[in-house]
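Asks: test case, fold it:
(one chain, ligands or ions: 1)
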Amino acid sequence: MFTYEKLELPRLGLRGLEAGLSEEEQAIQDATHRFALEVMRPIGRKLDRMTPEEVVAEGSPLHDYMAQMNAAGILDLGALAEMSNEQKARVFPLIFEELGWGDSGLAIATLASSIPAFTAHSTGDPEIIERFGSLPGCWLATQPERGSDVVDMDASEVHETTQQSKGNLLARKDGDEYVISGQSSAWVSYAPLAHTAMAYLPCDYGDGFYKEGEQGMHHVGILIPLDLPGVSRGKPLDKIGQRPLPQGEVFFDEVRVPAKYAIATGDAAIPQMMATLTFANMEMAATFTGVARSAFDLALEYVHERKQGGTAIINHQSVQVRTFDLWQRVEAARGLTQRVFNYNYSDSGPHLLASVTSKTYVTKTAFEVASEALQLFGGNGLTREYPIEKIMRDARASMIEDGENNILCIKGMRWLSRWYQDQHGLDV
Ligand SMILES: Cc1cc2nc3c(=O)[nH]c(=O)nc-3n(C[C@H](O)[C@H](O)[C@H](O)COP(=O)(O)OP(=O)(O)OC[C@H]3O[C@@H](n4cnc5c(N)ncnc54)[C@H](O)[C@@H]3O)c2cc1C
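Replies: Model prediction:
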């Protein structure tokens, strides 16, 4: 039982019901929050109003953001890699929630552009680290005719009468090189400014693209320098949410890449791609917990300012219930996210099932919280004078980004069903 002498006001942290951070965690949270507030928010709002061409142009505030992000050392890959799994499970969600609270498009620009460098460091190979370890890059997986099929790389959801679509960007092994031809989708984050790509492509190792008698294909996971002859870019994409995050196509015309840069080949390629998705989906959950929190914070402020019915609208009971509902959802999203980080960094994890569970739930929650928060703003919420409409547009994009939520749920349920069947000796 608990006992109270007097029921005081609750002690809440930036992340609501925070049960105590260590001194080091508190310092990381404070520094990241300050950066989110003072750097990300103003730059994100500016970029949101600019055209995609202006966002990537020389002198754009995006470059200023990337430079300040690097200088702040918030995502020091070396330091983060040295942490224990227990530290990673606590510190990563702390950092990404603050970045998402600041500006989700910029948070994803940082994350997506660091994937090739992260991957290079994880190989431990000095030559690969030297070539890719410090350059901004992109994660190049989707193609015009391979969107959700990328999430379903192991082809478990392909219609029984057919094979998986071959797509528009293919690799072919040729001696000690891979030859790459075709184009990515227009959705590759940071592609307009990337120097490198971590690409996952259907691959012909010498006996065709399709695995014999199967619906799926062989793949390769390969790091590609984007300054090689034959690489070109499309126009930056115009979209409704996360506008500070530049995106665009990358075209490849018989581009020859040293075979040494292939980090996952043959049967290892699909699990490696899923490992990247497992990490990215988990980070999406933390980032969009921050987005949901930013919508709640704005709503909480507004309901104490706006007067209707003769009083601040927070004094109306229905507004109290609606605002409390937002608070509960943010707390639930954060709780699930932390549980997934704990699981993925435990001896039981990591697993895609865990990350998909958090990504799909949290991004949907972020959109619902932003939409309901906008409702509390009334007509003001629809104007560009108030930041809530931007947060709603940003959250909307997250339900398609990093795997569309429905296909992710299908893959999640497939893993749950496989686990159930294994437990019960079934094969249905
Ligand atoms: C903000 C943002 C950032 C992104 N960043 C990147 C990036 O950095 N790199 C990259 O490579 N890509 C990126 N993408 C692309 C993203 O991964 C794809 O948009 C996503 O995988 C969906 O593919 P699609 O758009 O082709 O939709 P489609 O696959 O065409 O899906 C259309 C609809 O069909 C449904 N569907 C499709 N297949 C099935 C199936 N088998 N069973 C049931 N339903 C199905 C889907 O659920 C969806 O509702 C990004 C997208 C966004 C929005």
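Asks: for the ligand, what is the nearest residue in the protein?
Replies: The ligand sits closest to residue 147 of the chain, with a gap of 1.7 Å, by Cβ to the nearest ligand atom. For every residue, glycine as well, the C-beta is placed using N, CA and C.
Asks: I figured residue 338 hits residue 93, correct?
Replies: Yes: counting by Cβ atoms under 8 Å, residue 93 is a contact partner of residue 338 at 5.9 Å.
Asks: residues in contact with residue 31?
Replies: Shown in contact with residue 31 (Cβ atoms under 8 Å, 6 or more residues apart in numbering): 72, 74.
Asks: can you give me the buried ones in the helix or strand hosting it?
Replies: In this structure, residue 31 sits in helix 23-35 according to DSSP states H and E. Within helix 23-35, the residues that count as buried by 16 or more other Cβ atoms under 10 Å are 25, 28-29, 32-33, 35.
Asks: most widely separated two among those?
Replies: The span of those, defined through Cβ to Cβ, is set by 25 and 35 at 15.7 Å.
Asks: tell me the angle the longest helix anywhere in the chain makes with helix 23-35.
Replies: Assignment by DSSP state H gives helix 269-305 as the longest helix of the chain. Angle, helix 269-305 to helix 23-35, by axes from the mean of the first three to the mean of the last three Cα atoms, to 10 degrees: 70 degrees.
Asks: just confirm yes or no for helix 269-305 near the ligand.
Replies: No: against the ligand, helix 269-305 shows no contacts by Cβ under 6 Å from any ligand atom, the least distance being 8.7 Å.
Asks: helix or strand next in line after that helix, which one?
Replies: Using DSSP H and E, the next helix or strand after helix 269-305 towards the C-terminus is strand 307-308.
Asks: can you tell me the strand partners of that following strand and which way each runs?
Replies: Partners of strand 307-308 in the sheet, by DSSP bridges, are strand 311-312 (antiparallel).
Asks: which residues touch the partner strand?
Replies: Outside strand 311-312, the residues that touch it by Cβ under 8 Å, 6+ apart are 303-306.
Asks: give me that answer again for 6 Å
Replies: The contact list for strand 311-312 (Cβ atoms under 6 Å, 6 or more residues apart in numbering) reads residue 304.
Asks: again, but for stretch 236-244
Replies: 44, 47-48, 52, 56, 104-106, 186, 192, 246-248, 393-394, 396-397.
Asks: mind listing what's buried in the host helix or strand of residue 414?
Replies: Applying DSSP H and E as the criterion places residue 414 in helix 405-424. By neighbour count on 16+ other Cβ under 10 Å, the buried set for helix 405-424 is 405, 407-412, 414-415.
Asks: for the ligand, tell me which of these show up nearby.
Replies: 407, 410.
Asks: dump the buried residues of helix 405-424 to JSON lines, plus pLDDT.
Replies: Listed next are those as JSON lines, based on pLDDT from 0 to 100:
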{"residue": "405", "pLDDT": "98"}
{"residue": "407", "pLDDT": "98"}
{"residue": "408", "pLDDT": "98"}
{"residue": "409", "pLDDT": "98"}
{"residue": "410", "pLDDT": "97"}
{"residue": "411", "pLDDT": "97"}
{"residue": "412", "pLDDT": "97"}
{"residue": "414", "pLDDT": "96"}
{"residue": "415", "pLDDT": "97"}
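Asks: quick one: the strands in the stretch 51-200 of the chain?
Replies: Counting by DSSP state E, counting those that start in this stretch, the stretch 51-200 of the chain has strands at residues 137-140, 169-174, 177-183, 188-189, 196-204.
Asks: out of those strands, deepest packed?
Replies: strand 137-140 (a mean of 28; mean count of other Cβ atoms under 10 Å).
Asks: number of nearby residues for residue 112?
Replies: 25 (other Cβ atoms under 10 Å).
Asks: how about the one 3 residues further on?
Replies: The tally of other residues near residue 115 (other Cβ under 10 Å) stands at 24.
Asks: and it, what does it touch?
Replies: Contacts of residue 115 by Cβ under 6 Å, 6+ apart are 139, 198.
Asks: in what helix or strand does residue 220 lie?
Replies: Per DSSP H and E: strand 219-225 holds residue 220.
Asks: ramachandran angles for the closest residue to residue 255 other than its chain neighbours?
Replies: Once flanking residues are discounted, residue 255 sits nearest to residue 230: 4.1 Å by Cβ to Cβ, 6 or more residues apart in numbering. Phi and psi for residue 230, reported as degrees, to the nearest 10, are phi 100, psi 0.
Asks: what of residue 251?
Replies: For residue 251, the backbone dihedrals (degrees, to the nearest 10) come out as phi -110, psi 140.
Asks: that older thread, helix or strand right after the helix holding residue 31?
Replies: Past helix 23-35, the next helix or strand by DSSP H and E is helix 41-48.
Asks: what residues of stretch 107-127 count as buried?
Replies: Residues 107-121, 125 are the ones in stretch 107-127 that count as buried (16+ other Cβ under 10 Å).
Asks: so residue 183 makes contact with residue 251?
Replies: Yes: with contact defined as Cβ atoms under 6 Å, residue 183 counts as touching residue 251 (4.8 Å).
Asks: the spatially closest residue to residue 98 that is not a sequence neighbour and residue 94, how far apart?
Replies: Among residues not flanking residue 98 along the chain, residue 32 sits closest, at 4.0 Å (Cβ to Cβ, 6+ apart). Computed with Cβ to Cβ, to the nearest Å, the distance linking residue 32 and residue 94 is 7 Å.
Asks: what about the closest residue to residue 51 other than its chain neighbours, how many neighbours?
Replies: Spatial nearest neighbour of residue 51, chain neighbours left out: residue 238 (7.4 Å); criterion: Cβ to Cβ, 6+ apart. Residue 238: 12 surrounding residues under other Cβ under 10 Å.
Asks: I'm done for today, thanks for sticking with me.
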